[in-house]
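A.B. asks: just a sequence and a predicted model for now, questions to come.
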Amino acid sequence: MDFKLIATTTFGLEAVTAKELKKLGYEDLELENGKVTFDGDEMDIAICNIWLRTADRVLIQMAQFEARSFEELFQGTLAVNWGEYIPEDGVMHITGKSIKSQLHSVPDCQGIVKKAVVEGMKNTYKKDWFEEDGPVYKIEVGILKDLVTLTMDTTGPGLHKRGYRNLAGEAPMKETLAAALVLLSDWNTSKELVDPMCGSGTIPIEAALIGKNIAPGLNRTFVCEQWPIMPKDVWEQVREGAEKSINKEEFRILASDIDGSVLRTARDNAVKAGVDKYIAFQTLPMEEFSAKKKKGCIICNPPYGERIGEKEQIEKLYISLGKMYRNLDNWSCFAITSFEDFQKFFGAKADKNRKLYNGRLLCYYYQYLSK
């Protein structure tokens, strides 16, 4: 079956996800805010869920149409052959959002869509009542400037849920963003990689997964695996291919933090991710880090100083980070922060910076390239 698929992303990561999709062999990509749209089938749904590192979810676009009244919303939804996708015992969960549209009441829109989907199911199955005790189908009605997009989620829990991080530090970064930071850097396995403020270890773990070419979704399941339209052998083939794609690269990532207790969590997470062999964890104040090797790469998510009274402490930390970097020979440095004066206290203007969101927080990814 052919689908129009959508890989949703955090704002700012659309181009990174698109690059991943191109590497997987997809073409004719359409980039919009928070999503990349492309064509695919059941195999592609499995491939993208298992392999995409920076996307949030993989959705099927069921329909797109304009609606300025509930009747138009109802008829546009009813026009979809829902029974072709959803079995008669399917659990239908409707979510919604509306931005700058005449149909601004999201609960009402959800109710109309649910009613239309059920009517469509009645037409297919010739019955008036559905048990809804089978596989789950999360349908979203998204309305932007009166343009309705109906989607069905194939992923379930977001793609950042790799399965290795049961515990995290105080300000955990999503695995998808951490992977993006690595992909946006100049690191490869021929260079040493250091995260001197690693917290629960998300950046070094994601880097190790990338270095070994381990598919991020290899050890988890997805909601659409229970759908009758998704053949079981498709998932078996993709997982078998992913297992064979793991390379024999040998490398070392250095991950340090001043907090020994959070490092214990980081080590546990690395073990669960299957990459502990490639990461050396060390309790060490960032100011004390040094390296004799040429050509290395720092990637870090330092504290941002969001709490009252932290500003002076954060400024000192960024001064120390800048000094540490300048003492390294031909290294690059990549740091994400929401702190506006980062470059001032780091002591140098970044070669590049990129606007990214860490959760709802607007940040910049400052990139200092090796000379």
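C.D. replies: Received the coordinates, thanks. Numbering: from 1, shown residues only.

A.B. asks: for this structure, what's the longest helix?
C.D. replies: In terms of residue count, the longest helix belonging to the chain (DSSP state H) is helix 106-125.

A.B. asks: can I get the strand or helix carrying V141 in CSV? Just the C-alpha atoms.
C.D. replies: In the assignment (DSSP states H and E), V141 maps to strand 136-144. Taking C-alpha atoms only, strand 136-144 is exported to CSV below (Å, rounded to 0.1, in the frame of the first residue of the first chain):
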residue,chain,number,x,y,z
VAL,A,136,-4.6,1.3,18.8
TYR,A,137,-5.0,4.0,16.1
LYS,A,138,-4.1,7.5,17.1
ILE,A,139,-5.7,9.9,14.7
GLU,A,140,-4.8,13.6,14.8
VAL,A,141,-6.9,16.5,13.3
GLY,A,142,-4.5,19.4,12.7
ILE,A,143,-6.0,22.6,11.4
LEU,A,144,-3.7,25.5,10.3
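
A.B. asks: show me what the mean pLDDT comes to for it.
C.D. replies: For strand 136-144, mean pLDDT rounds to 96.

A.B. asks: other SSEs contacting it?
C.D. replies: strand 91-99, helix 106-125, strand 147-153 (3 or more CB pairs under 8 Å, 6 or more residues apart in numbering; DSSP states H and E). Quick note: C-beta positions are derived from backbone N, CA and C, even for glycine.

A.B. asks: out of the ones you listed, deepest packed?
C.D. replies: Neighbour counts (mean count of other CB atoms under 10 Å) averaged over each of those peak at strand 147-153, with a mean of 21.

A.B. asks: quick one on the thing from earlier: for P231, which of the helices and strands packed on strand 136-144 is the nearest?
C.D. replies: strand 147-153 (17.3 Å; CB to CB).

A.B. asks: thinking again about what came up before, of all the helices and strands packed on strand 136-144, which one is nearest Y365?
C.D. replies: Closest among the helices and strands packed on strand 136-144, using CB to CB: strand 91-99, at 26.5 Å.

A.B. asks: that older thread, give me the contact list for the longest helix of the chain.
C.D. replies: The list of residues contacting helix 106-125 from outside it, by CB atoms under 8 Å, 6 or more residues apart in numbering, reads 70, 73-75, 77-78, 80-84, 86, 88, 92, 94-98, 103, 128, 130, 139, 141, 143, 150.
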